[in-house]
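In: Have a look; sequence and predicted model below, questions after that.
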Amino acid sequence: MEWNPETLQFLSQCFLNTLSPLPEPRRRAEAALAEAADRPNYGLAVLRLVAEPSVDEQIRQSAAVNFKNHLKGHWAREPNDPLSEALTIIGKHDFPKAWPTLLPEVVVTLDKLSQANDYASVNGVLAMINSLFKKFRYQFKTNELLLDLKYCLDNFAKPLLEVFKRTAGFIDQALGSSTANVSVLKGYIESQRLCCRIFYSLNFMELPEFFEDHMDEWMVEFKKYLTLKYSALEDSGNDGLALVDELRASVCENISLYMEKEEEIFQKYLGGFVEVVWGLLVVVSNSSSRERLTVTAIKFLTTVSTSVHHTLFARDDILQQICQSIVIPNVMLRDEDEELFEMNYVEFIRRDMEGSDLDTRRRIACELLKGIAMNYKEKKAGGNSVSTDLVDVENFFGSVIVPELRNQDVDGFPMLKAGALKFFTMFRNQISKPVAMALLPDVVRFLTSESNVVHSYAASCTEKLLLVRDEGGRARYSAEDVSQFLLALMTNLFNALHKPESEENQYVMKCIMRVLGVANVSHEVALPCINGLATVLNRVCENPKNPAFNHYMFESVALLIRRACEQDPSLISAFETSLLPSLQMILSRDVSEFFPYAFQLLAQLVDLNRSPLPGNYMEIFALLLLPDSWKKSGNVPALVRLLQAFLRKAPHELNQLGRLSSVLGIFNTLVSSPSTDEQGFYVLNTVIENLGYDVISPYISHIWVALFNRLQNHRTVKFIKSLVIFMSLFLVKHGSQNLVSSMNAVQPDVFLTILEQFWIPNLKLITGSIEMKLTSVASTRLICESLSPSDSKLWGKMLDSIVTLLSRPEEDRVEEDLEVPDFGETVGYSATFVHLYNAGRKEEDPLREINDPKQFLVSSLGNLSARSPGAYPRIINENLEPANQAALFQLCSSYNVTIV
């Protein structure tokens, strides 16, 4: 992509349109950018746009995010701020190997700039180095990474210390002057902060020798920054104070790192740092704006409290000071918490219930208290007992929590109500079933609260109660337990979705999903539920923005279809009336985020219908066969699921209007790529299973040619296993003679080559109980129907593989996961397919008439050997591994069969 005014105009307009609230121009712009991203120099062009001062700030910011994502797509996957992340990604993959001269050049430049007192430029260079060196944080040690680290230490450890000390001298000079320049001092402080971050990166893996030798020089300055007050900056406004606090926080992170990883070497500095850190905390804990410094400082004290140096806290006066001046001020409810509760309930819940508040002062203060309590259980601290003795949960629950839950005013004191619901949720396993059942109607009542947090906590409490299991894995709460208040529960849940800010409340929708999975859904409940879900679906189609909510919504629809319609087929028509217009709207309006969901729900509805399918379904079938429908990889598994449903329900229509040819064209496209070949086999297996050989025989040569080409050009273990399963299914459905002759018609004697090189060696790798049964039975039929004793070696090796397969322990077999996975925050709209657990179809056994594949093997061998006495024991003795010979004779003994 060439940089010129036209490119500037094109990219600017595209990035402007990506910010549009209207879905159509936004999608067009995203598509245009996706196409442009494949052109050479696209990334450079976007970067030029970001640096173009004449372009609107919003457009440049959008372009910066795009550049970040472009780098992610081509080089890595690591979230951060756009441009610094770009350098971080580049550093992780290309630095230093691809840039061998960069660091030496930077060292020279940095030295000149710092000596010239040009700290705007110094900080630009240090910021770049900081981004590049982030690759050494939070990574497993590898030889390659350690070599990169050694290179950076050899070239930059000494220059870093020189710049750090020189800047410290400049700061001392500035503070000694009566007229300190605030802007100059800001540059110095920012420089020291960046040096501290680089220090953190270079020391993260292990303590380098250079830093150990010069530890005094670093620690003296670190301690100074925690004790001195920089009045010129701190009194100049929030920006100045925040900048100094960032430096102090970086120092706290560095000393915490040394405390965790180099405790013995750091020991001589520890007492002094503990004293200055808690002195600092006494001051900053009372300020709500100094969050990061408070958190990092308390983390340092927490690390010390859980170490062998906890005796630094042993004196009663120190414990009292820590509890009263640090812990209590930081766990108290603040105005910001109340504001968050009322104004941003999602963030409040994320911090309060889901534990994302690990880096908040309240959570880390609690961790400090727990750390102290580990060693000083019964110490008194100014009237506050620090104790880890277990609380009588049921007594506390009955005396404090139950009265709040029984309170009829669902809107009074909402933070107190939310706390009571949270306690119930957290201790749900310890609270007995009778007590919980008595309170469940009250929890259901709280769904009517106007507080978003309260009705969200009520939904979450109900949802998590239904997941509780007793010993043995048995669910504690059954459909009968839910039935007595099911109608009120579902009514309140759907009404909660009409409350302001809760229209897309994922906790409420997740509760709907969970209740539908447990309850017996009667006709009276099913119809209002499907209508309510269809209404919600129509609304979110306008602007899909909450992936987790939408996933739980589609999972709820799938559950309702599966449980209600399978139990009462008369509901199918009503469900179609509610759902089909919504699903057709998704397709017609090109709501691409919902395509995979729509296809999976349509597959469910097709499965529930009887042949012949109604005309509106056949119209969808026609769209399904168009090549354009298959272009987006994220849609493929759902499209295959839908195509399989049509192939099972409309096999007769398949051989009309060239439909079978189109289906096999889809198979050919899918099987040619390693990323979709498994989906291609799903299509092919469904065709083979549901159509007669007379229908597929005109196409069978083309099928084999496609498979042989893929086998020759790009074979993988996954492909070969899928091929063995396909050949086995072909054999059991259409006979071994058709299998052998159709393969050899493409290339003479190719069947024996495939058998020897691929089928026999890979048979033992098959997993899954149905697949193991299918392939073992097919292989047994093959040696009993198609291979003669003259092929003794091949016959024996095939039998050896069959016995290996059937001797595998039961635990090695892959069973279906019975639990609905918890999707949480991991669900998003991307090229990755998102599976609807409840829209899946239970895999059918193509050999239902055979119960035991082991018995089938020995019975077949017994009958075969009876026709040629004496021939097979010798072949078995010569070709089977000793362990497999023993296993085979054990099977024969178990089933009272003799191979003669």
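Out: Perfect, I can see it now.

In: Where does pLDDT dip in the stretch 701-850 of the chain?
Out: 810-833 (pLDDT under 70).

In: just the helices in it please.
Out: Applying DSSP state H, counting those that start in this stretch to the stretch 701-850 of the chain gives helices spanning 717-734, 736-746, 750-754, 760-763, 769-785, 792-806.

In: mind listing what the residue nearest to residue 617 when sequence neighbours are not counted touches?
Out: The shortest distance from residue 617 to any non-neighbouring residue, by C-beta to C-beta, 6 or more residues apart in numbering, is to residue 606 (6.1 Å). For glycine as for every other residue, the C-beta is placed from the backbone atoms N, C-alpha and C. Residue 606 is in contact with 613, 617, 642, 645-646, 649, counting by C-beta atoms under 8 Å, 6 or more residues apart in numbering.

In: Which of the helices of the stretch 701-850 of the chain sits closest to residue 530?
Out: helix 769-785 (32.1 Å; C-beta to C-beta).

In: Now do the buried residues in that closest one.
Out: Buried residues in helix 769-785, counting neighbours by 16 or more other C-beta atoms under 10 Å, are found at 771-784.

In: Need the contact partners of it.
Out: Here helix 769-785 has contacts from 724-725, 727-729, 731-732, 736-737, 755, 759, 763, 766, 795, 798-799, 801-802, 805-806, 808, 813-815, 843, 845-847, 850, 853, 856-857, 860-861, 863-864, using C-beta under 8 Å, 6+ apart.

In: For PyMOL, what selects the buried ones among these?
Out: Typed into PyMOL, the line below selects the buried ones among the contacts of helix 769-785, using 16+ other C-beta under 10 Å:
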select buried, resi 724+725+727+728+729+731+732+736+755+759+763+766+795+798+799+801+802+805+806+846+847+850+853+856+857+860+861+864
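
In: Where does pLDDT dip in the stretch 151-300 of the chain?
Out: Along the stretch 151-300 of the chain, the parts satisfying pLDDT under 70 run over 178-180, 238.

In: Sketch out the helices for it, chain order is fine.
Out: 182-203, 209-213, 215-227, 231-234, 238-261, 263-284, 291-305.

In: about what we covered before: ok, the buried residues of helix 769-785 vs residue 638, which is closest?
Out: Closest to residue 638, out of all of the buried residues of helix 769-785 and judged by C-beta to C-beta, is residue 771, at 22.2 Å.

In: Pick the most deeply packed of the helices of the stretch 151-300 of the chain.
Out: Ranked by mean neighbour count under mean count of other C-beta atoms under 10 Å, these are led by helix 291-305, which reaches a mean of 24.

In: Now do it against helix 215-227: the angle between them, please.
Out: 130 degrees (axes from the mean of the first three to the mean of the last three C-alpha atoms, to 10 degrees).

In: Show me what helix 291-305 is packed against.
Out: helix 238-261, helix 263-284, helix 361-373 (3 or more C-beta pairs under 8 Å, 6 or more residues apart in numbering; DSSP states H and E).

In: quick one: the strands in this structure?
Out: 380-381, 384-385 (DSSP state E).

In: picking up where we left off before, which stretch among the helices of the stretch 701-850 of the chain comes nearest residue 141?
Out: Nearest of the helices of the stretch 701-850 of the chain (C-beta to C-beta): helix 717-734, 31.0 Å.

In: ok, the closest residue in space to residue 290 that isn't next to it in sequence - contacts?
Out: Closest residue in space to residue 290, ignoring its immediate chain neighbours: residue 284 at 4.4 Å, by C-beta to C-beta, 6+ apart. By C-beta under 8 Å, 6+ apart, residue 284 lies in contact with 245, 290, 293-294, 297.

In: Try it again at 10 Å.
Out: Contacts for residue 284 were tallied using C-beta atoms under 10 Å, 6 or more residues apart in numbering; they are 245, 248, 290-291, 293-294, 297-298, 326, 329-330, 361.

In: which of the residues you listed sit farthest apart?
Out: Using C-beta to C-beta, the contacts of residue 284 reach their maximum pairwise distance at 248 and 329, which is 18.0 Å.

In: burial measure for residue 123, as a count.
Out: For residue 123, the neighbour count with other C-beta atoms under 10 Å is 19.

In: wait, doesn't it sit right on residue 197?
Out: No: using C-beta atoms under 10 Å, residue 123 is not in contact with residue 197; the gap is 11.6 Å.

In: Mutual contacts of those two, please.
Out: Common neighbours of residue 123 and residue 197 (C-beta under 10 Å, 6+ apart) are residue 130.
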